[in-house]
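[1] Coordinates for the following, if possible.
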Amino acid sequence: MAKFESSILSIPDYVPADIIRIRKLVSADKTKMALFMNVSLRTYKKWETGQSHPSKPARRLQQILEKNPQLIDNWF
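    Below is the predicted model:
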């Protein structure tokens with residue numbers, strides 16, 4: 001079995017400030033981020049205000065986007 005860095009295997013627990021920071025990093029508005037994350041705008045807004053928290057798959061996608069901000073440009 002191949003060895004992986006622990007940073008690759010771990011999924012960050014993003015707080016609202018992190019979610020906002022990633023959105024600004026990729027120069028996207030809330031609607032664009034919601035579409036990219038495949039969630040409703042209402043759900044995405046709840047993530048940014050801390051009213052709810054992203055699932056593990058959503059956090060993984062944010063982690064990938066954080067490390068590769070140009071990926072969002074391929075979708076729109």
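[2] Mind pulling up the pLDDT for the residue sitting nearest the centre point of the chain?
    The centre of the chain sits closest to Q62, judged by CA atoms, centre = their mean, with a distance of 2.3 Å. The model reports Q62 with a pLDDT of 96.
[3] what secondary structure does it sit in?
    helix (DSSP: H, G, I helix; E, B strand; the rest coil).
[4] from memory it sits against Y14, does it?
    Yes - if you go by CB atoms under 8 Å, Q62 and Y14 touch, sitting 5.9 Å apart. Where C-beta positions appear, they are placed from N, C-alpha and C, glycine not excepted.
[5] contacting residues around stretch 49-65?
    Outside stretch 49-65, the residues that touch it by CB atoms under 8 Å, 6 or more residues apart in numbering are 11-16, 18-19, 22, 26, 36-37, 39, 43, 46-47, 71-72.
[6] now the helices: where do they sit in this protein?
    For the chain, applying DSSP state H gives helices covering 6-9, 16-25, 30-37, 41-49, 56-67.
[7] Tell me who's in contact with F76.
    By CB under 8 Å, 6+ apart, the residues touching F76 are K32, L35, F36.
[8] which of those residues tops the neighbour count?
    Among the contacts of F76, the one with the most neighbours (other CB atoms under 10 Å) is F36, at 19 neighbours.
[9] How much space separates it from L9?
    Separation of F36 from L9 (CB to CB, to the nearest Å): 23 Å.
[10] any idea of the pLDDT on F76?
    F76 is assigned 76 on the pLDDT scale.
[11] Could you check how far it is from L35?
    Counting by CB to CB, the separation of F76 from L35 is 8 Å.
[12] No further queries at this time; thank you.
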